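Q: Next comes the sequence, and after it the predicted model I'd like to discuss.
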Amino acid sequence: MFMSFQPLDRLRASMDKSESFSVLRRLFLADGRRHWKGYATAFAFMGLMAFSTAGMAWLMRDAVNTIFVTPTFWGVWMVALGVMGLSLVKGVSAYGQNVTMARVGNRIVADNQKKVFDHLLGQDISYFAARHTADISMRLQNGANSARDALNLVITSIGRDALSLVSLVSVAVVQDPSLALVAVVLMPAAVIGTRKLIKKAKSIFRKEFASGVKLSSITLEVIQGMRTVKAYGLEETMRGRVHTYVNDVERAANKLVRTQAKSSPLMETLGGFAIGGVILYAGYNVMFVGKSPGEFFSVLTALLLAYEPAKRLARFHVDLTAHVIGAHMLFEMLDLPAAETDDAARPSLPAGAGRVAFEDVVFGYRPGEPVLRGFNFVAEPGQTTALVGPSGGGKTTVINLIERFYSPASGVVSIDGNDVTQFNRHSVRALTALVSQDVYLFSGTVRENIGFGREGASEDEIIAAAKAAYAHDFIMGFENGYDTHVGEHGAQLSGGQRQRIAIARAFLKNAPILLLDEATAALDSESEAEVQKALQKLQASRTTIVIAHRLQTVVRADRICVVEHGQIAESGRHDELMARRGRYYNFYQVQFAHEHEQDAAGEVQAEEARLTA
Ligand SMILES: Nc1ncnc2c1ncn2[C@@H]1O[C@H](COP(=O)(O)OP(=O)(O)OP(=O)(O)O)[C@@H](O)[C@H]1O
């Protein structure tokens, strides 16, 4: 079991033999055993291929003897028909083997991808916060492919190459043992020669792989952050970084090819020596001892046909290493226990008025770094409770705990007096609707994106939710209305439009608790006014917890809590807090002065522009 896994760019430089073996064993015990029928069929086809190949080499003796030594008309026919029959068997077997192997392989990839994805859904938010998307997606894709390739390689190496080699060498030995001996002696020498190369290729392969991972991570980052790259003129910096990794991958790939190619001259030379030796010895036997040339041709054909499978077998180890490393990454991911353990058996949190309370809650993302330190807080049903305060104070963390993305180290988070950790997560999340600053829209249509609010919602319900969120009009303004595709991450919509689709989603969910995390922070004043209108409607008769940096948006809240250093520094209504002249008052003054300055600057600019005009 691999209890944790390293980010791919820190992938270990080596995997020892027992680890490789355990990965292979596991592959065979899981995927191999499940698909044994498919593999057995493919194996039978490979056996047929090997024997038909060997049969052809065998027939070469009769082909030569019936033409040159004792010419017989019927003999030639028989041999020709024999070769045709064997090639038919070989052709059909090759087809059967390819199709069967591909089907089993595709099933293995699909099964593993589903397995990994299901496993990912069971991980908690911290899992995704700690890992790069490229890391996860490469493991998902490469790992599943590697599992298939490792199994296929072992099966084809044994079924096709090893069987072909054994049958061809047997033909050679039966036809003329002494002749075959000359060639067989040279084989181990070739295999030993390639071993050194394999070692080197393995280490280059790992380097190439690690650079490949870095390359795909940075490419993904640059694509996702293209707005920032362009806005800050980072094109040259990013080009430099990406080019460095591309060059690394290219260098490693070239090195790998050079090393792998070195095995060819070695095999070619030794193979040539074997064939040269056979020619010399056979020539001597035919010329001076009076042997028939048929045996000689048969052995020669067998050797020539054995050459390719022998070459593949010599490289077997290096190819297998690549796939085993990939499958290892897949297993590392699968073996990490699901952080969100299956709690479906726990009772469902009963829906009530939606009173949220924190009692002496202590929580930190990392050991020794508490974020909430004895946090006490109540959000009453039907009221709006605002969390304000300095950045990093712990406001979003409060929402994370209500949603059960994380669990408190001590203390209780409750909804209507029920400790949320005692109920299944699904039921807790069903009572809350989250609208945050970074609205996530999935690629698909506007209708689908609103529909994610509640499974099975009807068209009328979706439209009603969109109308309530003031989204219906702009949606109908699109050429394709509700069927408009929003593009990746909703990139084809404006910030305000995305926000209102998220609000429509929340309307559809109709949960008693509404969590707004800086929902209007990224909007201009005009969009903000529209979104605020939609939000106010959504807040009616729900428990609303709103996080805001701009205090102007929360002055009407029923209660404002100032969160500082993981505790509530003070709380009350806007006018109460202003009268108290404490932390809130200071924040308000600073923000007011800042906004005033900005307004004044705007007026000066407008005046200057007017004068210039
Ligand atoms: N996933 C995480 N892993 C580790 N630390 C985290 C994580 N998320 C937040 N933190 C840390 O927890 C602290 C509180 O973060 P939180 O997001 O709750 O603050 P906040 O008050 O919402 O800040 P802001 O107003 O800037 O959004 C910060 O110091 C932050 O660095």
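A: Noted; the coordinates are in hand.
Q: drop to CA atoms for contacts and neighbour counts, all remaining ones
A: OK.
Q: Need the three-state assignment for G374.
A: Of the three states, G374 takes strand under DSSP: H, G, I helix; E, B strand; the rest coil.
Q: how far away is the closest residue in space to it that isn't next to it in sequence from E221?
A: Leaving aside its sequence neighbours, G374 sits nearest to D360 (C-alpha to C-alpha, 6 or more residues apart in numbering; 4.1 Å). According to C-alpha to C-alpha, to the nearest Å, D360 stands 39 Å off from E221.
Q: where does the residue nearest to the spatial centre of the chain fall, phi/psi-wise?
A: By C-alpha atoms, centre = their mean, the chain has its centre lying nearest to S137, at 1.6 Å. Main-chain torsions, S137, degrees, to the nearest 10: phi -70, psi -30.
Q: before we move on, what about L234?
A: phi -90, psi 10.
Q: excluding its backbone neighbours, what's nearest it?
A: Here the residue nearest L234, using C-alpha to C-alpha, 6+ apart, is T228, at 7.9 Å.
Q: contacting residues around the host helix or strand of L434?
A: Using DSSP states H and E, L434 falls within strand 432-436. For strand 432-436, the external contacting residues (C-alpha atoms under 8 Å, 6 or more residues apart in numbering) are 403, 499, 502-503, 506, 509-519.
Q: So which of the residues you listed wins on neighbours?
A: I503 (31 neighbours; other C-alpha atoms under 10 Å).
Q: distance of the spatially closest residue to it that is not a sequence neighbour from T228?
A: Spatial nearest neighbour of I503, excluding adjacent residues (C-alpha to C-alpha, 6+ apart): A469 at 5.8 Å. As judged by C-alpha to C-alpha, A469 and T228 stand 30 Å apart.
Q: again, but for R404
A: 32 Å.
Q: Among the two, which residue is more densely surrounded?
A: Neighbour count, other C-alpha under 10 Å: between R404 and T228, R404 has more, with 21 against 13.
Q: A strand includes the more buried one, no?
A: No - going by three-state DSSP, the assignment for R404 is coil, not a strand.
Q: Now it: phi and psi?
A: Per degrees, to the nearest 10, the backbone of R404 is at phi 60, psi 30.
Q: Number of residues surrounding the residue nearest to I402 when sequence neighbours are not counted?
A: Counting by C-alpha to C-alpha, 6+ apart, I402 lies nearest to V413, which is 6.8 Å off, once chain neighbours are set aside. For V413, the count of nearby residues is 26 (other C-alpha under 10 Å).
Q: Low-confidence ranges, the stretch 201-350 of the chain, go.
A: 201-202, 205-206, 209, 260, 263-264, 266-267, 342 (pLDDT under 70).
Q: and it, which of its residues are near the ligand?
A: Within reach of the ligand by C-alpha under 6 Å from any ligand atom, the stretch 201-350 of the chain has no residues at all.
Q: can you give me the helices in the stretch 201-350 of the chain?
A: 226-231, 235-284, 293-335 (DSSP state H, counting those that start in this stretch).
Q: what's the closest of those to G352?
A: Evaluated over those, closeness to G352 peaks at helix 293-335, with 38.0 Å, by C-alpha to C-alpha.
Q: could you say what helices and strands the closest one packs with?
A: helix 17-27, helix 36-64, helix 73-121, helix 133-156, helix 163-175, helix 177-224, helix 235-284 (3 or more C-alpha pairs under 8 Å, 6 or more residues apart in numbering; DSSP states H and E).
Q: Helix or strand next in line after that helix, which one?
A: Next along from helix 293-335, by DSSP H and E: strand 356-363.
Q: Report all helices and strands that that next one contacts.
A: Helices and strands touching strand 356-363, by 3+ C-alpha pairs under 8 Å, 6+ apart, are strand 372-379, strand 410-415.
Q: Tabulate these in a markdown table, adding columns for distance to R580.
A: Shown next, in a markdown table, are these (distance: least, C-alpha to C-alpha, whole Å):
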| stretch | distance to R580 |
| --- | --- |
| strand 372-379 | 20 |
| strand 410-415 | 29 |
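Q: Indicate which one of the ones you listed is closest to S348.
A: strand 410-415 (12.1 Å).
Q: Each with direction, which strands does the next helix-or-strand element following that closest one pair with?
A: Proceeding N to C from strand 410-415, the next assigned helix or strand is strand 418-419, under DSSP H and E. Partner strands for strand 418-419, per DSSP bridges, with pairing direction: strand 410-415 (antiparallel).
Q: List the buried residues in the strand it pairs with.
A: G411, V412, V413, S414, I415 (16 or more other C-alpha atoms under 10 Å).
Q: Show me what it is in contact with.
A: Defining contact as C-alpha under 8 Å, 6+ apart, one finds that strand 410-415 is touched by 354-363, 374, 401-402, 419-421.
Q: Distance check, D360 against P408.
A: Applying C-alpha to C-alpha to D360 and P408 gives a distance of 10 Å.
Q: Kindly report the same for A80.
A: 81 Å.
Q: Please apply the same query to N586.
A: Distance from N586 to P408, by C-alpha to C-alpha: 31 Å.
Q: Neighbour count: these two, which is higher?
A: P408 (18 against 12).
Q: which residues touch the more buried one?
A: V361, V362, F363, G364, L401.
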